[in-house]
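Enquirer: Give me a 3D structure for the following:
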Amino acid sequence: MNIGSKAYNLDRLRTAGFAVPRFILSYPGDTNTFTQIISLLPGVEYFAVRSSVDCEDNSEKSFAGHYYSAIGITKDDLINEISKVIDSYNGRPGSVIIQEFIPCEKAGVLFTDAGNNMTVINSNLGLCTTVVNGSRCDEYVLNRKGGLLQTKIDYEKIGMFFKDGYFNTLKNPLPSLKKKEIKRLYRTTRRIERYFHSPQDIEWCFYKDKIYILQSRPVTKKIFPNQEKIFYDSANISESYSGVVLPLTASYVKELYKNVYQNLLISSGASKRKILKFPWVFENMVELFYGKMYYNMTNWYKMISFMPGYKRNKKNLETMIASNIKEDIERGISPSFFLKAFYPFFLIFKLICFPYTLKHFENRIREILFDFRKLSPSSFDYVKCITLLKDYEKKLLQKWYIAVENDFLTMTYWGILQKYYFQNDMDLKSYRFNAAGTTQVFELQSLASTLREIPDILQAIAQKNKKVFHLETDKYPDIKNRINKYLEQYAGRYANELKLESEPSDNFNYFIQSLQLYINMKTKPDDTTCKPPSGNYVHRIILRRFKKYAANREVFRLLRSNCFNIVRIIYKHIGTILESSRIIDKNSDIFYLTREEVSDYRSIRNIRSVIS
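Expert: A predicted model of the protein is given here:
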């Protein structure tokens, strides 16, 4: 059954340990009796009966006040009020929240991000009703660090109170919140924002010095328009994610960038505590617009602001991702004095250890890939697949920043060579180096050259006959071994390899098409030799290091493709499980869900409405 977003969010908050008034759910068509409801909420004298429809409280619209709700309901009126809520749905799917009613002493609404990096609290003495209905109330404006910027006390406000089954109103010119209450409220709601990974519109109340959360939903409208300019650039991300990108890939990539770059900064000496104060920077490094992926360059610039040497890092970043944006922004972030003072020594230490760190990381990734090949995920159930994904992501994302550090070193040495030793890019590119990408091409050329001399295999390739191809290659153990080794090593390399919805790498036709291309290609003698680079000793060292890190960059791109292929295989199998359970129509529908939706066992059964 569809419980609706309001009930779903309350259940998540309750599970996470936030103080939520006790509640149960009832559904249209249920035959819950008065006795059954009372037994599930023992000791409750007054109730709140609230709507929870599928379209309420989502990221686009809140539909606040659109459906019937009631508070302060006695046991005698409970069943009748539930019917009124259901009648207001007009047939829409959802549930009814039957909740313990809290006779609030003070209450209100808080926007964790009301725009322009501000948090806004609207509050009143008594129940939350007056604030929600737009009546006069107090307003407190805080910055995103919790500092109180502005206080507006409405001395004409009228609060609504509930006592002994009766509502009454009272005019009270006193401030509705004390400073310590504001601080407690700010800390609690920021935890909720981090828990939901997005700015929240939260209804809350104080009762007997305890904060209760009555409701939390995504912010759908900013009170203060955010005047900050946000710059987007497709840059080289359009090469990795060309065409239309589906929600599963987009949400997975957003999580990937968030984890990798947070870990990168922490490993480089930045304060973890400080990084966690700016969650929106890392959660929105890439964005999806009309199915296209873009870098949020504003957040990329803020990300590198945590470290010393902003101008140098900015230039290297723009070179590394081939950015078309060259903007200066108001960052509001800077490295600590301690990091500025000790960073040169820390950097030297990291550079000395980096070759060993890099090799250990590469070996670790290869071990993970090797271990996965011994598994049989097609035999796993839904829960085991999700567990496998989480374990796999944890092992990979924890250290993947090392590959990014290698990229930064590559671009740093590239920049030095461009600035001091080469007239243009073509001079630099003329020095060839061995990389994983070129190695793959050479191996395909070599295989094609060998198979070109065996007519039966050549015919099977021309006909794209998988059965005959395997039968014929079985006759040549050395060739078979080379093919298997190629497929194992380059399993994830093919067009749109980083899009989870792309065809999996075990697609026989793709491998055969690649072979056909090289079999029919007229190759020229390979002239890979070149004269040693001219210049002084420093020049040769820099060039040698550039070539080493550039080669490593290609190695990690290959490993990244294979890692994505494993994620693809697991999600594809989850899609098959959901299809067999008739939760989705076909297994490929899973790519229209987000990573969070797929991972949530409680909501996955009601997910069909999201896809349709």
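Enquirer: Every contact and neighbour count from this point should use C-alpha atoms.
Expert: Fine.
Enquirer: quick one: residue 589 and residue 500, what's the gap?
Expert: 12 Å (Cα to Cα, to the nearest Å).
Enquirer: The two: which has the busier surroundings?
Expert: Counted by other Cα atoms under 10 Å, residue 589 and residue 500 do not tie: residue 500 has more neighbours, with 26 against 20.
Enquirer: What values do phi and psi take at the more buried one?
Expert: Phi and psi for residue 500, reported as degrees, to the nearest 10, are phi -60, psi -30.
Enquirer: check contacts around it.
Expert: When contacts are counted by Cα atoms under 8 Å, 6 or more residues apart in numbering, residue 500 touches 248, 249, 564, 565, 567, 568, 591.
Enquirer: From those residues, pick the one nearest residue 449.
Expert: residue 565 (28.1 Å; Cα to Cα).
Enquirer: Can you name every helix or strand that the helix or strand containing that closest one contacts?
Expert: Using DSSP states H and E, residue 565 maps to helix 537-580. Helix 537-580 is packed against helix 337-373, helix 382-397, helix 401-420, helix 436-451, with contacts defined by 3 or more Cα pairs under 8 Å, 6 or more residues apart in numbering; DSSP states H and E.
Enquirer: The contacts of residue 500 into CSV, with extra columns for distance to residue 152?
Expert: Formatted as CSV, the contacts of residue 500 follow (distance: Cα to Cα, whole Å):
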residue, distance to residue 152
248, 44
249, 45
564, 52
565, 55
567, 51
568, 53
591, 48
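Enquirer: just to revisit the earlier point, which neighbours do residue 589 and residue 500 share?
Expert: By Cα under 8 Å, 6+ apart, no residue touches both residue 589 and residue 500.
Enquirer: Just the mean pLDDT for whatever helix or strand comes next after the helix holding residue 565, thanks.
Expert: Using DSSP H and E, the helix or strand that follows helix 537-580 towards the C-terminus is helix 595-599. Per-residue pLDDT over helix 595-599 has a mean of 84.
Enquirer: List the buried residues in helix 595-599.
Expert: Within helix 595-599, the residues that count as buried by 16 or more other Cα atoms under 10 Å are 595, 597, 598, 599.
Enquirer: same check, this time on stretch 577-584
Expert: Buried residues in stretch 577-584, defined by neighbour count with 16+ other Cα under 10 Å: 577, 578, 579, 583, 584.
Enquirer: need the contact list for the second one.
Expert: In this case it means residue 578. Residues in contact with residue 578 (Cα under 8 Å, 6+ apart) are 584, 587.
Enquirer: and it, what pLDDT?
Expert: At residue 578, the pLDDT value in this model is 89.
Enquirer: Any stretches of the stretch 151-300 of the chain with poor pLDDT?
Expert: Residue ranges of the stretch 151-300 of the chain with pLDDT under 70: 221-228.
Enquirer: where exactly do the helices run in it?
Expert: 179-196, 237-240, 247-267, 272-275, 279-283, 297-304 (DSSP state H, counting those that start in this stretch).
Enquirer: What of the stretch 1-150 of the chain?
Expert: Using DSSP H, counting those that start in this stretch, the helices of the stretch 1-150 of the chain run over residues 5-15, 34-40, 78-87, 129-132.
Enquirer: right, and the ones you listed - which one's nearest residue 312?
Expert: helix 5-15 (43.3 Å).
Enquirer: residues touching the residue nearest the centre of the chain, list them.
Expert: The chain has residue 255 as the residue nearest its centroid, 2.7 Å off, counting by Cα atoms, centre = their mean. Applying Cα under 8 Å, 6+ apart to residue 255 gives the contacts residue 283.
Enquirer: can you tell me how far it sits from residue 120?
Expert: From residue 255 over to residue 120 (counting by Cα to Cα), the distance is 28 Å.
Enquirer: next one: residue 541
Expert: Remark: distance between residue 541 and residue 120 (Cα to Cα) = 56 Å.
Enquirer: And the two? Which one has more around it.
Expert: Set side by side, residue 541 and residue 120 show more neighbours around residue 120, with 25 against 11, by other Cα under 10 Å.
Enquirer: wait, the more buried one sits on residue 114?
Expert: Yes: Residue 120 is within contact range of residue 114, at 6.2 Å (criterion: Cα atoms under 8 Å).
Enquirer: Could I get the buried residue list for stretch 41-49?
Expert: So for stretch 41-49, counting by 16+ other Cα under 10 Å, buried means 41, 44, 46, 47, 48, 49.
Enquirer: Quick one: residues in contact with that stretch.
Expert: Counting contacts by Cα under 8 Å, 6+ apart, the residues outside stretch 41-49 that touch it are 22-24, 38, 69-75, 78, 81-82, 85, 96-101, 165.
Enquirer: most distant residue from the middle of the protein?
Expert: Using Cα atoms, centre = their mean, the residue of the chain lying farthest from its centre is residue 455. It sits 50.2 Å away.
Enquirer: Any figure for the gap between that one and residue 462?
Expert: Counting by Cα to Cα - residue 455 and residue 462 are separated by 10 Å.
Enquirer: Could you tell me which residues make contact with residue 14?
Expert: Residue 14 neighbours (Cα under 8 Å, 6+ apart): residue 20.
Enquirer: sorry, back to before: now pLDDT and distance to residue 160 too, for the buried residues of stretch 41-49, in TSV please.
Expert: Below are the buried residues of stretch 41-49 laid out as TSV (pLDDT from 0 to 100; distance: Cα to Cα, whole Å):
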residue	pLDDT	distance to residue 160
41	89	25
44	91	21
46	93	16
47	93	17
48	93	16
49	93	18
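Enquirer: Out of these, which comes closest to residue 395?
Expert: Using Cα to Cα, the buried residues of stretch 41-49 come closest to residue 395 at residue 41, 43.0 Å.
Enquirer: distance of the closest one from residue 214?
Expert: Relative to residue 214, residue 41 is positioned 17 Å away (Cα to Cα).
Enquirer: swap in residue 417?
Expert: For residue 417, the distance to residue 214 - Cα to Cα - is 60 Å.
Enquirer: who's more crowded, these two?
Expert: residue 214 (22 against 19).
Enquirer: surely the more buried one meets residue 18?
Expert: No: contact status for residue 214 versus residue 18: not in contact, 10.3 Å apart, counting by Cα under 8 Å.
Enquirer: In terms of helix, strand or coil, where does residue 375 fall?
Expert: Secondary structure, DSSP: H, G, I helix; E, B strand; the rest coil: residue 375 is coil.
Enquirer: State the pLDDT value of it.
Expert: With respect to pLDDT, residue 375 scores 85.
Enquirer: That one: neighbour count?
Expert: 10.
Enquirer: Residue 456: what's its closest spatial neighbour, skipping adjacent residues?
Expert: Spatial nearest neighbour of residue 456, chain neighbours left out: residue 472 (6.9 Å); criterion: Cα to Cα, 6 or more residues apart in numbering.
Enquirer: Which of the helices or strands spans the one you found?
Expert: Taking DSSP H and E as the criterion, residue 472 maps to helix 466-473.
Enquirer: May I have the very next helix or strand once past that helix as CSV, with CA atoms only?
Expert: Helices and strands here follow DSSP H and E; after helix 466-473, the next one along the chain is helix 477-489. The C-alpha trace of helix 477-489 is given here as CSV (Å, rounded to 0.1, in the frame of the first residue of the first chain):
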residue,chain,number,x,y,z
PRO,A,477,43.9,-23.1,-26.5
ASP,A,478,46.5,-20.3,-26.8
ILE,A,479,44.0,-18.1,-28.7
LYS,A,480,41.2,-19.0,-26.3
ASN,A,481,43.3,-18.0,-23.3
ARG,A,482,44.2,-14.7,-24.9
ILE,A,483,40.5,-14.0,-25.6
ASN,A,484,39.5,-14.8,-22.1
LYS,A,485,42.3,-12.7,-20.7
TYR,A,486,41.2,-9.8,-22.9
LEU,A,487,37.6,-10.0,-21.8
GLU,A,488,38.6,-10.3,-18.1
GLN,A,489,40.9,-7.3,-18.3
